[in-house]
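Chemist: Sequence and computational prediction follow.
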Amino acid sequence: MRLTRVFVAAGLEPGSVVELPPETASHLAKVLRARAGDELVLFSGDGREFAGAIESVRGSRVSASVGRGAAVDRESPLRLTLVQCVPRGDRMDFIVQKATELGVARIVPVLSQRSVVRLDEAQAQSKAAHWRAVAVNACEQCGRNRLPAIEAPIPLLNHLGKAAPPLTRLVLEPGPDRPAAPADPGGAAEIAIGPEGGFAEDELEAFRLAGFTRLALGPRIMRTETAAIAALAWMQIRFGDLQPVQP
């Protein structure tokens with residue numbers, strides 16, 4: 001039987017007892033009807049996972065004992081950064097969840113000329129905290145023991161103006177006339193996805209000056225959330241670890 005995985009922000013040490021996060025504890029106690037002695041897998045984002053067991057259940061509060069730990073690496077050899085224009089509604093939650101499952105190492109939410117969403121500093125920080133929680137839940141589900149880095153939303157040109165280490169940089173642009181065969185990125189790549197209306201022409205020029213290559217994935221125009229998942233999956237299949245596993 002597959003064990004429930006739980007992220008604990010505090011460092012985990014064998015032999016210790018930790019209080020589980022409130023939302024997770026409430027789910028375990030009220031939905032899963034967890035009892036003392038039930039086994040868990042605990043992780044804190046440092047690449048290790050620990051055998052655990054519920055120590056006590058007190059209403060919505062749950063504590064767990066920490067057992068033996070081991071390094072378990074489920075990270076992709078391709079360090080992918082997703083530069084994603086923030087879409088309206090809860091679509092960004094979906095993108096963060098699926099990007100985490102697909103092994104992305106870093107997510108940079110940006111706001112472009114055609115972005116519908118507008119955020120002040122407090123809202124940007126609140127959104128980032130919410131998306132980090134979404135990523136935690138995705139890591140619990142998919143088995144990752146390291147969390148993707150998720151930054152607070154910033155204007156697109158602010159991101160493009162930052163110095164970046166040498167790496168493959170791609171920007172998605174619909175159209176059958178764009179080449180779709182970049183060279184092997186050599187372990188790291190950054191891919192940018194536009195808003196609902198696409199990037200403006202001067203933004204595409206800014207991408208060019210920042211070292212990005214335009215890329216198309218087929219002749220059809222995808223929604224922003226579809227484009228993000230398709231691009232990440234395509235990169236992982238070609239250069240990462242999304243490969244069939246022999247039974």
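Modeler: All right, it came through fine. Residues are numbered from 1 along each chain as shown.
Chemist: separation between Thr4 and Gly67?
Modeler: 15 Å (CB to CB, to the nearest Å). Placement of C-beta: from N, CA and C, glycine included.
Chemist: Likewise for Gly218?
Modeler: 48 Å.
Chemist: which element is the residue nearest to Ser60 when sequence neighbours are not counted on?
Modeler: Distances taken as CB to CB, 6 or more residues apart in numbering put Ser26 closest to Ser60, at 4.4 Å, once the chain neighbours are dropped. In this assignment (DSSP states H and E), Ser26 forms part of helix 22-26.
Chemist: Please, where are all the helices along the protein?
Modeler: 22-26, 91-101, 121-142, 156-160, 201-209, 224-239 (DSSP state H).
Chemist: The residue nearest to Ser60: neighbour count?
Modeler: 15 (other CB atoms under 10 Å).
Chemist: Can you give me the domain assignment for the chain?
Modeler: 4-71, 79-239 (automatic domain parsing).
Chemist: Dump those domains to JSON lines, plus mean pLDDT and distance to Gln246.
Modeler: Formatted as JSON lines, those follow (pLDDT from 0 to 100; distance: least, CB to CB, whole Å):
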{"stretch": "domain 4-71", "mean pLDDT": "94", "distance to Gln246": "24"}
{"stretch": "domain 79-239", "mean pLDDT": "91", "distance to Gln246": "17"}
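Chemist: Let me have these in JSON lines, extended by distance to Pro247.
Modeler: Below are these laid out as JSON lines (distance: least, CB to CB, whole Å):
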{"stretch": "domain 4-71", "distance to Pro247": "23"}
{"stretch": "domain 79-239", "distance to Pro247": "18"}
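Chemist: Mind checking the ones you listed for the one nearest to Val245?
Modeler: domain 79-239 (13.3 Å; CB to CB).
Chemist: What is the end-to-end distance of the closest one?
Modeler: Domain 79-239 has an end-to-end distance of 10 Å (CA to CA, to the nearest Å).
Chemist: Neighbours of Cys142, how many?
Modeler: Count around Cys142 with other CB under 10 Å applied: 15.
Chemist: How about the residue positioned nearest the centre of the chain, nearest residue that isn't a chain neighbour?
Modeler: Taking CA atoms, centre = their mean, the centroid of the chain lies closest to Thr100, which sits 3.2 Å from it. Nearest residue to Thr100, sequence neighbours excluded (CB to CB, 6+ apart): Ala138, at 3.7 Å.
Chemist: So what's the residue count around that neighbour?
Modeler: Counted with other CB under 10 Å, the neighbours of Ala138 add up to 20.
Chemist: wait, it sits on Ile95?
Modeler: No - using CB atoms under 8 Å, Ala138 makes no contact with Ile95, being 10.9 Å away.
Chemist: what's the distance between the nearest residue to Val72 once chain neighbours are set aside and Val108?
Modeler: Residue nearest to Val72 in three dimensions, not counting chain neighbours: Glu49, with 5.1 Å by CB to CB, 6+ apart. To Val108, Glu49 is 27 Å away according to CB to CB.
Chemist: okay but Leu204 is in contact with Val171, surely?
Modeler: Yes - with contact defined as CB under 8 Å, Leu204 counts as touching Val171 (7.0 Å).
Chemist: what residues do the two have in common as contacts?
Modeler: Arg214 (CB atoms under 8 Å, 6 or more residues apart in numbering).
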